[in-house]
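In: sequence-free structure coming up:
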């Protein structure tokens, strides 16, 4: 799998979900993106941070994804409620 043009700025973190079927990437472009772990297809872009996102982490069951930003906030994303981001 190869993903091209994933973000508009440098990528700071890439993490596979516990099941391996999803990939989350974070970037200094303020976005978190979710990808299909097999095909590389883009599934969702999570926005809300006002500065670059430095890291992402999945919960052990893959139900939530957290993102840490240079804006000094942490966001918790619920996989069940984010459009295009399957649980």
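Out: Cool, the structure landed. These numbers come from a predicted model, not from an experiment.
In: okay, which residue is most central for the protein?
Out: residue 24 (3.3 Å; Cα atoms, centre = their mean).
In: any idea which helix or strand carries that residue?
Out: Using DSSP states H and E, residue 24 maps to strand 22-27.
In: make sure residue 13 is actually in contact with residue 56.
Out: Yes - using Cβ atoms under 8 Å, residue 13 is in contact with residue 56, at 5.2 Å. Quick note: C-beta positions are derived from backbone N, CA and C, even for glycine.
In: look at these two and report which has more neighbours.
Out: residue 56 (23 against 16; other Cβ atoms under 10 Å).
In: contacting residues for residue 68?
Out: Residue 68 is in contact with 53-56, 74, counting by Cβ atoms under 8 Å, 6 or more residues apart in numbering.
In: list only buried entries from those.
Out: By neighbour count, with 16 or more other Cβ atoms under 10 Å, those hold 53-54, 56 as buried.
In: what number of residues lie near the residue nearest to residue 61 when sequence neighbours are not counted?
Out: Counting by Cβ to Cβ, 6 or more residues apart in numbering, residue 18 is the residue found nearest to residue 61 once chain neighbours are left out, at 6.7 Å. If you count neighbours by other Cβ under 10 Å, residue 18 ends up with 13.
In: where's residue 18 relative to residue 63, distance?
Out: 10 Å (Cβ to Cβ, to the nearest Å).
In: between those two, what contacts are shared?
Out: Joint contacts of residue 18 and residue 63 (Cβ under 8 Å, 6+ apart) do not exist.
In: thought residue 11 was touching residue 26?
Out: Yes - contact between residue 11 and residue 26 holds when scored by Cβ under 8 Å: they sit 7.2 Å apart.
In: sorry, back to before: tell me the one of the contacts of residue 68 nearest residue 80?
Out: Residue 80 lies nearest to residue 56 out of the contacts of residue 68, by Cβ to Cβ, at 17.5 Å.
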